[in-house]
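K.L.:
Provided below are the primary sequence and the corresponding predicted coordinates.
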Amino acid sequence: MGQSIQNVCLANNATFLSALLLLAVTTSGGPSLQCCLARSETHRRPPPTPPDGPHHPPAAPAFADAWSAACAAEASTVLVPASYVFLVGPIAFTGGDSCEPNVVFQVDGTILANTGSTAWRSGYATQWLEFKSVRGLTIQGCGVIDGQGSHWWSRNPLVDQGQTTTALRVYQGDNVTVTGITIRSSPKFHLTLDTCRAVEVHGVTIASPGDSPNTDGIHLASSVGVSIHHTTIACGDDCVSIQAGCSDVSIRNVYCGPGHGISVGGLGKGGATATVSDVTVQDVTFNHTMTGVRIKTWQGGSGSVKNVRFSGVRVSAVKTPIVIDQYYCDHTACTNQTSAVAVVGAAYQGVAGTYTQRPVYLACSDAAPCSGIHLADIQLQPVKDSGYRVQGPFCWKAHGDEMRPVEPPVDCLITAGAP
């Protein structure tokens, strides 16, 4: 069958001589990507990070118009062309009944966050690029989504209030793929998947400094059927964070560092009920991270973490490779409480490498002790001649078993009976 091609060519204004244009392509005979460019002989290839100013006006209207055009026909493509920079403030791409499924959002150029205060509603927004109620969405390409996070990290008081912005969020997505792109320097989380089903993330690069505050790499919430693989993450918080309502999550062939590791939680904050189940993490590498694989819950919550399996974990100079912390607190003083999110069935197999503080830390609740912890083929050694103050394994109310070799031995694990 032939092709029907709809071009959406939108220049921002007369002074914007570079190409800031998008294309919505409707195909009926297979994928076809074409680029409609407003050309300037002197500004065809703007620098990757242009200065703010009149030559780089906001491009959000162009994005909104292109998205609307793409939604009008199934399997359309919105193209962010290579070698061009688009300065964009907060924008929501909404699907639902008004949008046909299977839109491709092709990022080959650079999408740059607008740091001007007038670009942000009430001075800030919780999301920067948001896709809502989308079916069959693919976000792909070899381009960059740059949140210009240093503007927020260094001098914005909203960082301390937890009100900074997530770079890319997919909310209520079904059958979503994110692949190939680079997300860097987010003010807060880099990629959030919230209330999604059947999501695959692969071949993605996430890059922020290790001291950037609260910059989770991939943040999962209330999502089912998520696969993350062959992805590299450097950030200032959890490389992957798995929150309440998640199940059937697979993470494999992921490189993490710097960062805080791969974490289930924190769960149960403010007395909330939280459940996470059926999580598999395998063939992952951690380099100079705070933890390796971690389960963390707040005191006072309820619910459960069930059937979590970690295998093929490689650590290099990681502070604490294996962590269960049911006394998690992200500020100086937290109230002691008796209830807790229960941890039932956490297996660790094939964890090897070096640590700088403690190999294993299992701090479980008095009221809801951990059960079903399984340790097998654990081979962890302190970094040699490092000057670190190294400690041995720690356990509290942790019930389970170990299958040797386990080095160093976790003798504090309660192996007789169940709680």
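P.N.:
Yep, it's here.
K.L.:
Identify the residues contacting the closest residue in space to Ala75 that isn't next to it in sequence.
P.N.:
Sequence neighbours aside, Asn102 is the residue nearest to Ala75 in space, at 4.5 Å (criterion: Cβ to Cβ, 6 or more residues apart in numbering). Every residue, glycine included, has its C-beta placed from N, CA and C. For Asn102, the contacting residues are Glu74, Ala75, Arg135, Gly136, Leu137, Thr138, by Cβ atoms under 8 Å, 6 or more residues apart in numbering.
K.L.:
please redo it, this time with the cut-off set to 10 Å
P.N.:
Asn102 is in contact with Ala73, Glu74, Ala75, Ser76, Thr77, Val134, Arg135, Gly136, Leu137, Thr138, Asn175, counting by Cβ atoms under 10 Å, 6 or more residues apart in numbering.
K.L.:
In a markdown table, list the residues you listed along with secondary structure and neighbour count.
P.N.:
Shown next, in a markdown table, are the contacts of Asn102 (DSSP: H, G, I helix; E, B strand; the rest coil; neighbours: other Cβ atoms under 10 Å):
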| residue | secondary structure | neighbour count |
| --- | --- | --- |
| Ala73 | coil | 17 |
| Glu74 | coil | 16 |
| Ala75 | coil | 18 |
| Ser76 | strand | 26 |
| Thr77 | strand | 23 |
| Val134 | coil | 26 |
| Arg135 | strand | 17 |
| Gly136 | coil | 18 |
| Leu137 | coil | 24 |
| Thr138 | strand | 20 |
| Asn175 | strand | 17 |
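K.L.:
picking up where we left off before, a helix runs through the residue nearest to Ala75, doesn't it?
P.N.:
No: read with DSSP: H, G, I helix; E, B strand; the rest coil, Asn102 is coil and lies in no helix.
K.L.:
What residue spans form the domains of this structure?
P.N.:
Domain assignment for the chain by automatic domain parsing gives 1-237, 245-419.
K.L.:
Can you lay out the ones you listed as CSV showing mean pLDDT?
P.N.:
Formatted as CSV, the domains of the chain follow (pLDDT from 0 to 100):
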stretch, mean pLDDT
domain 1-237, 77
domain 245-419, 95
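K.L.:
you'd agree Ile111 is up against Val88?
P.N.:
Yes: taking contacts as Cβ atoms under 10 Å, Ile111 lies within contact range of Val88: 5.6 Å.
K.L.:
Are there residues contacting both of the two? Which ones?
P.N.:
Counting by Cβ under 10 Å, 6+ apart, the residues touching both Ile111 and Val88 are Ala59, Phe63, Val80, Trp128, Leu129, Ile145.
K.L.:
In contact with the nearest residue to the second one once chain neighbours are set aside, which residues are there?
P.N.:
Spatial nearest neighbour of Phe63, excluding adjacent residues (Cβ to Cβ, 6+ apart): Ile91 at 5.8 Å. Counting by Cβ under 10 Å, 6+ apart, Ile91 makes contact with 58-61, 63-64, 67, 111, 125, 127-131.
K.L.:
ok, Asp330 - how many residues close by?
P.N.:
Neighbours of Asp330 under the rule other Cβ atoms under 10 Å: 11.
K.L.:
Likewise for the one 5 residues further on?
P.N.:
When neighbours are counted by other Cβ under 10 Å, Thr335 registers 7.
K.L.:
Check Gln391 too.
P.N.:
With neighbours defined by other Cβ under 10 Å, the count for Gln391 comes to 13.
K.L.:
thinking again about what came up before, distance to Val305 added to the contacts of Asn102, as JSON lines?
P.N.:
Below are the contacts of Asn102 laid out as JSON lines (distance: Cβ to Cβ, whole Å):
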{"residue": "Ala73", "distance to Val305": "43"}
{"residue": "Glu74", "distance to Val305": "39"}
{"residue": "Ala75", "distance to Val305": "39"}
{"residue": "Ser76", "distance to Val305": "41"}
{"residue": "Thr77", "distance to Val305": "40"}
{"residue": "Val134", "distance to Val305": "29"}
{"residue": "Arg135", "distance to Val305": "30"}
{"residue": "Gly136", "distance to Val305": "31"}
{"residue": "Leu137", "distance to Val305": "29"}
{"residue": "Thr138", "distance to Val305": "31"}
{"residue": "Asn175", "distance to Val305": "27"}
